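Student: predicted structure and sequence below. I'll ask about it afterward.
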Amino acid sequence: MNNTEAPQVLLHPDRRVGADMGRWRKSGGGAALARAIQNPVAIREEVKQAELRGLGGSGFPAWRKWEAVAAELPKPDKYLVVNGNEDEPGTFKDRLLLEETPHQVIEGAATAALAIGANKVVFYINPDLSRPLAAMKAAIEQWRGSDLLALASHALGRPMELLLLPGSGHYIGGEETASMEWVEGRFPFPRGKPPYPAQAGVLGCPTLINNVETIAHVSHIAVQGAAWFRALGKGQGTGTKLYSLSGDVLYPGVFELPMGTPLRELIFDHGGSNLGTGAMIVVSEGTGIVKRVAEYERFFAHSSCGQCNSCKVGTATMSRLLDRIDTGRGTAADLVALENLCAMLPGSGRCHLVNGAVMLLDSAFRHFHDEFRQALR
């Protein structure tokens, strides 16, 4: 494993101090918030020039969401929801940040909140992540009694509230509009759009929703600048990215590497596409692809909230047909049915769960079609 030359920003030892606020401040913690207090508009411009994107899977330019929320008046509040639901198979980067670098996450959130004028910051975290939740709870308590939060509130012109909210435990709860439903006290069914969260989010208030990793980068961009962040990437990529690597590798774990790092380098150099959340589950040569795809499609079927019939019935049907093929009971008609579903289902749900299920299967068909045919009865 060769990770010594990779730039460590989010995973630098100075950030990995747990809930110890004293150690974090000695290493420069609080500098980004000070800059946001002096000039919140400049922070938005740095994020734009840095080309920071959503790192929870969408890759959407972060500044577009920020500008949309900043342009809205409080109705009567503005919300920032830091999404730490993280429940996809093979994804475990956000829980590492929450557990080992909680102050980094909180400062990034407070800096972003000042930049868009948000007075309520909600840390929305998967309820099964007991250690990250404990670390965040301890860190937030320290912030509540600190001069940093008092100064941020003064600059904002109203109290800035830091709220910790365990999520629903449902995979679908990670979808941004579903997270707003849970914050409001309801089951996390995804909402239709428009209106978008920037205009009418939590309790009808303007709301920004960003992933934990996205928010963690904010304080460093605020201090080091956009040019520094862009220079960290490779090719067209900017900044660094956390990759969750698991499966058939010698060195599983979370790796911070330049955005744009080739997959081959990640697997063979550091672990001995559609980027998505940065989760890479490595399958060694000789492993049955049909069985692995059937396992993942079972996950999608189980995770569907049932609000959209196309998703509920479609993912269940895909899972059932794949199980038939995997166990030697499938027919050529089953394979044709799966191909038809891949053509019919994309875009039919309120969220992207059904799209993810189709993307996985469609990719497997394109690259391993012979294995599916060999598995037929």
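Tutor: Looks like it arrived, so ask away.
Student: is it true that residue 210 touches residue 61?
Tutor: No: Residue 210 sits out of contact with residue 61 when judged by Cβ atoms under 8 Å, with a separation of 11.6 Å. Backbone N, C-alpha and C define where each C-beta goes, glycine included.
Student: what touches both of these two?
Tutor: Common contacts of residue 210 and residue 61 (Cβ atoms under 8 Å, 6 or more residues apart in numbering): residue 54.
Student: out of those two, which sits in the more crowded spot?
Tutor: Neighbours were tallied for residue 210 and for residue 61 using other Cβ atoms under 10 Å; the higher tally belongs to residue 210 (26 against 15).
Student: for that one, give the beta-bridge partners.
Tutor: For residue 210, the beta-bridge partners under DSSP bridges are residue 82.
Student: tell me the pLDDT at it?
Tutor: Residue-level confidence at residue 210 comes out at 97, pLDDT.
Student: and residue 309, by the same measure?
Tutor: Spelled out, the predicted local distance difference test score at residue 309 is 91.
Student: what is the burial count for the residue lying closest to residue 51 once chain neighbours are set aside?
Tutor: Using Cβ to Cβ, 6 or more residues apart in numbering and skipping residues adjacent in sequence, the residue nearest residue 51 is residue 238, 4.5 Å away. Taking other Cβ under 10 Å as the neighbour definition, residue 238 ends up with a count of 22.
Student: so who does residue 238 touch?
Tutor: 50-53, 229-230, 232, 259.
Student: one more: residue 61?
Tutor: Taking Cβ under 8 Å, 6+ apart as the contact definition, residue 61 lies against 48, 51-54.
Student: show me the chain divided up by domain.
Tutor: The chain breaks down by automatic domain parsing into domains covering 21-226, 238-282, 289-374.
Student: just the buried residues of the helix or strand harbouring residue 312, please?
Tutor: Here residue 312 is covered by helix 309-326, with elements defined by DSSP states H and E. Applying a neighbour-count criterion of 16 or more other Cβ atoms under 10 Å, the buried positions in helix 309-326 are 310-312, 314-319, 321-326.
Student: low-confidence stretches in the stretch 201-350 of the chain?
Tutor: Applying pLDDT under 70 to the stretch 201-350 of the chain picks out residues 264, 266-272, 274-286.
Student: those helices in it, which residues are they?
Tutor: Listed in chain order, the helices of the stretch 201-350 of the chain (DSSP state H, counting those that start in this stretch) span residues 212-224, 226-231, 263-265, 289-303, 309-326, 332-344.
Student: of all these, which gets the most neighbours per residue?
Tutor: Stretch with highest mean neighbour count among those: helix 212-224 (a mean of 26; mean count of other Cβ atoms under 10 Å).
Student: which strands or helices does that one pack on?
Tutor: Under the contact criterion of 3 or more Cβ pairs under 8 Å, 6 or more residues apart in numbering; DSSP states H and E, helix 212-224 touches helix 31-38, helix 40-50, strand 79-84, helix 93-100, helix 102-116, helix 226-231.
Student: of the ones you listed, which approaches residue 346 most closely?
Tutor: With respect to residue 346, and counting by Cβ to Cβ, the nearest of the helices and strands packed on helix 212-224 is strand 79-84 at 23.4 Å.
Student: now the angle from that closest one to helix 212-224?
Tutor: Counting by axes from the mean of the first three to the mean of the last three Cα atoms, to 10 degrees, strand 79-84 points 110 degrees away from the direction of helix 212-224.
Student: against which helices or strands is strand 79-84 packed?
Tutor: Packed against strand 79-84 by the contact rule (3+ Cβ pairs under 8 Å, 6+ apart) you find helix 93-100, helix 102-116, strand 120-125, helix 176-183, strand 207-211, helix 212-224.
Student: and residue 347, which of the ones you listed is closest to it?
Tutor: Using Cβ to Cβ and comparing these, the one that lies nearest residue 347 is helix 176-183, at 16.2 Å.
Student: list the contacts of the closest one.
Tutor: Around helix 176-183, the neighbours that count as contacts under Cβ under 8 Å, 6+ apart are 79, 81, 83, 85, 122, 124, 165, 167-168, 170, 172-173, 187-191, 193, 197, 201-202, 207, 209, 305, 350-351.
Student: mean confidence for that helix?
Tutor: Mean per-residue pLDDT for helix 176-183: 96.
Student: what is the orientation angle of it with strand 120-125?
Tutor: Between helix 176-183 and strand 120-125, the angle comes out at 100 degrees (the same axes, to 10 degrees).
Student: got the buried residues for helix 176-183?
Tutor: Applying a neighbour-count criterion of 16+ other Cβ under 10 Å, the buried positions in helix 176-183 are 176-183.
Student: pull the longest strand from this structure.
Tutor: The strand of greatest length in the chain, counted in residues with DSSP state E as the criterion, is given as strand 240-247.
Student: circling back to that earlier point, closest to residue 294 out of the helices and strands packed on helix 212-224?
Tutor: Residue 294 lies closest to helix 93-100 among the helices and strands packed on helix 212-224, at 25.9 Å (Cβ to Cβ).
Student: and the angle for that closest one with strand 120-125?
Tutor: Following the same axes, to 10 degrees, one obtains 110 degrees for the angle between helix 93-100 and strand 120-125.
Student: i'd like the first residue to be 45 from this point on
Tutor: Understood, numbering begins at 45; the last thing we discussed is helix 137-144.
Student: residues in contact with helix 137-144?
Tutor: Outside helix 137-144, the residues that reach it (Cβ under 8 Å, 6+ apart) are 54-55, 59-62, 128, 130, 148-149, 169-170, 173, 175-177, 179-180, 255-257, 260, 286-288, 298, 321-323.
Student: out of those residues, which are buried?
Tutor: Neighbour counting by 16+ other Cβ under 10 Å classes 54-55, 59-62, 128, 130, 148-149, 169-170, 173, 176-177, 179-180, 255-257, 260, 286-288, 298, 321-323 among the contacts of helix 137-144 as buried.
Student: keeping just the C-alphas, turn the longest strand of the chain into CSV.
Tutor: Provided in CSV are the C-alpha atoms of strand 284-291 (Å, rounded to 0.1, in the frame of the first residue of the first chain):
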residue,chain,number,x,y,z
THR,A,284,-9.5,15.4,-2.6
LYS,A,285,-12.1,12.6,-2.2
LEU,A,286,-12.6,9.9,0.4
TYR,A,287,-12.9,6.4,-1.1
SER,A,288,-14.4,3.5,0.9
LEU,A,289,-12.6,0.4,-0.3
SER,A,290,-13.7,-3.1,0.6
GLY,A,291,-14.1,-6.6,-0.8
